[in-house]
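Enquirer: Below are the sequence and a predicted model; questions follow.
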Amino acid sequence: QKINLKTHVDSVHLLLTHRCVTCDHGFTNSSNLSNHLKWVVACGGEKKFHCEVCTAAFGKNADLNRHKKSNTHQKKVAEASKTHK
């Protein structure tokens, strides 16, 4: 268990050595940073895909769709439907 936690902490929280010069977002490898920079250049970093349930916004429609499938989003949908009844 401790090894898994250490691996997680190292990979997610400590080893974000590749940084975006625009937003300072960190990445574990240059490939992820490169993909991020393509998005920043293509749309100026604008988050034009907005969740209709919460305040979340995304630069890519695929990210919005992933958000909609998340447990966090599903809980917010359930809470919103309870208040509208």
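Expert: Alright, I've got the coordinates. Numbering: from 1, shown residues only.

Enquirer: any idea of the mean pLDDT in stretch 52-66?
Expert: Across stretch 52-66, the average pLDDT comes to 87.

Enquirer: Ok, stretch 23-36 next?
Expert: Here the average pLDDT along stretch 23-36 is 85.

Enquirer: again, but for stretch 39-48
Expert: The model assigns stretch 39-48 a mean pLDDT of 74.

Enquirer: Contacts made by that stretch with the rest, please.
Expert: Stretch 39-48 has contacts (CB atoms under 8 Å, 6 or more residues apart in numbering) with 20, 22-23, 57-60. Using the backbone N, CA and C atoms, a C-beta is placed for each residue, glycine as well.

Enquirer: Kindly reformat the residues you listed as CSV containing distance to N35.
Expert: Below are the contacts of stretch 39-48 laid out as CSV (distance: CB to CB, whole Å):
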residue, distance to N35
C20, 11
T22, 14
C23, 14
A57, 19
F58, 14
G59, 11
K60, 10
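
Enquirer: can you map out the helices along the protein?
Expert: 2-8, 30-43, 61-69, 71-83 (DSSP state H).

Enquirer: buried residues in the last one?
Expert: The one in question is helix 71-83. Of the residues in helix 71-83, H73 count as buried by neighbour count, 16 or more other CB atoms under 10 Å.

Enquirer: what's the distance between it and the middle of its chain?
Expert: In this view, helix 71-83 has its centroid 19 Å away from the chain centroid, taken as CA atoms, centre = their mean, to the nearest Å.

Enquirer: what angle sits between it and helix 61-69?
Expert: 60 degrees (axes from the mean of the first three to the mean of the last three CA atoms, to 10 degrees).

Enquirer: is it true that H73 touches N65?
Expert: No - H73 is beyond contact range of N65, at 10.3 Å (criterion: CB atoms under 8 Å).
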